[in-house]
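> sequence below, structure please.
(one chain, ligands or ions: 1)
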Amino acid sequence: MVQRNKNIARLKAGYLFPEITRRKNALLAKEPGARIISLGVGNTTEPITPHITEGLVAAARGLGTKEGYSGYGEEQGLTALRERIAERYYNGRVGPEEIFISDGAKCDIGRLQILFGPGARIAVQDPSYPVYVDGAVITGMTGGYSEEHGGFEGITYLACTPENGFFPDLEPARNADLLYFCSPNNPTGAVSTFAELKRLIDFAKAHRAVILFDAAYAMYIQEAGLPRTIYEIEGSRDVVIEMNSFSKPAGFTGVRLGWTAVPKDLLFEDGTPMIRDWHRLSTTLFNGASNIVQQGGLAAFDDEGLQEMERTVAFYMENAAIIKAGLDDLGFETFGGTNAPYIWTRTKGKSSWDAFEEVLYKARVVTTPGLGFGPSGEGFIRFGAFGHRGDIEEAVARLRKVFG
Ligand code: PGU
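Purely as a prediction, here's the structure:
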């Protein structure tokens, strides 16, 4: 018989978000009519805006014509799209030849683990998006799960708490090869400042590590004076790979489009440019994002598209403000929600799964338990700001009834 992949067997339980759906369905099985509002998984809800939709539709229609048809695309993605991202997003700090278009940030996080292989030692912010840790386990970078360590052996968890302003003490990551960092952060909603990212970069250089920077929520930053890409920090080009996504600003969670920037200055120990291996890997294991979708991305990055994305983000950020104000009124201690679509909420002493169950069963609102993001997530739950306005208002009204 075929042996089970021992790395996959090491994963503790199911992936966090399907587990939440399972618990929601358990309630629905008991009470088939229950009207549950989901503020759990960060899934967009609003229609794609008109100009971006038109980009998708025109591309799809074009495929049905002789002139508009195209097959396999350019290896790194549509040149026009890479040029537009280089110019309009990076202001030339990254060149089009350093951008790789993909089917989303999650998929690239997975492929990046393969780039570095099972020998790499990783450090993550704790709490963090579960794919960094689960992906590392699947790739064979870790040992088993240890209750004592509060996580997987071989992974360095860098606690991000209200007490340290959600910026970790980096020292424990001294021996790490890869530092996963996410800002604006999922799940805490914290945004790193220029000074903090400079510290991170200096640390990575001093210890010869690479930063894998997840900027999936960068377009949610509202305040001026905060870095929107880590490449705004000087000296970052030889130490950071940045991932980004159209999911949250353009509503492409189901459409699927993202990119990864790999500057030419990044080198492996033996002098090989990382971009060379990344090109080899991604052209071998991936055949490009859909040509239809890439045209949608191109529309998203022209003047009209950028304005539409700003309006979409503004809508979800109003949701965030409503949720945050509601929770604050009820005496919950909240973090985030001002530059990120997540409100990280202290559970007043309850365990995060107990708080999750309480909010689910009493208010019929789905959240995400903090522990699902790592050991330092215990004692918190995450509220996502994605939802129709009526549902957001209804959710807050229910929380008032239960906790008021
Ligand atoms: N990076 C971060 C930090 C994310 O929070 C998410 C989505 C992604 C990447 C994925 O981006 P794609 O471009 O759409 O692949 N996080 C959501 C959805 C859950 C999931 O499993 O992806 C969340 O609720 O945390």
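
> kindly report the residues of the stretch 151-300 of the chain close to the ligand.
182, 186, 214, 216, 245, 247, 253, 258 (C-beta under 6 Å from any ligand atom). C-beta here means a position set from N, CA and C on the backbone, and glycine is covered the same way.

> now the helices: where do they sit in the stretch 301-404 of the chain?
303-329, 352-358, 389-403 (DSSP state H, counting those that start in this stretch).

> and the first one, what does it pack against?
Using 3 or more C-beta pairs under 8 Å, 6 or more residues apart in numbering; DSSP states H and E as the contact criterion, the neighbours of helix 303-329 among helices and strands are helix 50-62, helix 247-250, helix 291-300, strand 334-336, strand 342-346, helix 389-403.

> and of the ones you listed, who's closest to Ile138?
helix 247-250 (21.5 Å; C-beta to C-beta).

> can you give me the strands in the stretch 101-250 of the chain?
Counting by DSSP state E, counting those that start in this stretch, the stretch 101-250 of the chain has strands at residues 122-126, 145-146, 151-152, 155-159, 178-182, 210-214, 240-245.

> buried sites along the strand or helix carrying Pro18?
Counting by DSSP states H and E, the element that carries Pro18 is helix 16-30. Residues of helix 16-30 classed as buried: 16, 20, 23-24, 27 (neighbour count, 16 or more other C-beta atoms under 10 Å).

> next one: stretch 152-162
Neighbour count says stretch 152-162 has 152, 154-161 buried, by 16+ other C-beta under 10 Å.

> give me the subset of the buried residues of helix 16-30 that also touch the ligand.
Counting by C-beta under 6 Å from any ligand atom, no member of these is near the ligand.

> could you work out the most separated pair of those residues?
Leu16 and Leu27 (17.5 Å).

> just give me the residue closest to the centre of this structure.
Ala216 (4.8 Å; C-alpha atoms, centre = their mean).

> list the contacts of the nearest residue to that one once chain neighbours are set aside.
Once flanking residues are discounted, Ala216 sits nearest to Ser245: 4.4 Å by C-beta to C-beta, 6 or more residues apart in numbering. Neighbouring residues of Ser245 by C-beta atoms under 8 Å, 6 or more residues apart in numbering: 104-105, 216, 252, 257-259.

> one more: Phe166?
With C-beta under 8 Å, 6+ apart, Phe166 has these contacts: 160, 185, 188, 190, 335.

> stretch 80-96: end-to-end distance?
The first and final residues of stretch 80-96 sit 9 Å from each other (C-alpha to C-alpha, to the nearest Å).

> average model confidence for it?
If you average the pLDDT over stretch 80-96, you get 97.

> the chain should start at 424 in everything you say after this.
OK, 424 is where the count begins now, so the last one is stretch 503-519.

> what does it rub up against?
499, 502, 520-522, 524, 652, 654-655, 660, 665, 667, 682, 684, 686, 717, 720-721, 724-725, 729.

> give me the PyMOL select line for those, limited to the buried ones.
A single PyMOL command selects the buried members of the contacts of stretch 503-519 (16+ other C-beta under 10 Å):
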select buried, resi 499+521+522+524+652+654+660+665+667+682+684+686+717+720+721+724
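
> where among the strands of the stretch 524-673 of the chain is average confidence lowest?
Among the strands of the stretch 524-673 of the chain, strand 568-569 carries the lowest mean pLDDT (a mean of 88).

> which helices and strands does it pack with?
Counting by 3+ C-beta pairs under 8 Å, 6+ apart, strand 568-569 packs on strand 574-575.

> quick one: strands adjacent to the strand it packs on?
Strand pairing for strand 574-575, using DSSP bridges, gives strand 568-569 (antiparallel).

> can you list the residues that contact the strand it pairs with?
Against strand 568-569 from outside (C-beta under 8 Å, 6+ apart): 433, 435, 574-576.

> could you dump the residues you listed to CSV with distance to Pro550?
Listed next are the contacts of strand 568-569 as CSV, based on distance: C-beta to C-beta, whole Å:
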residue, distance to Pro550
Arg433, 20
Lys435, 15
Gly574, 11
Phe575, 14
Glu576, 19
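
> done for today, thanks.
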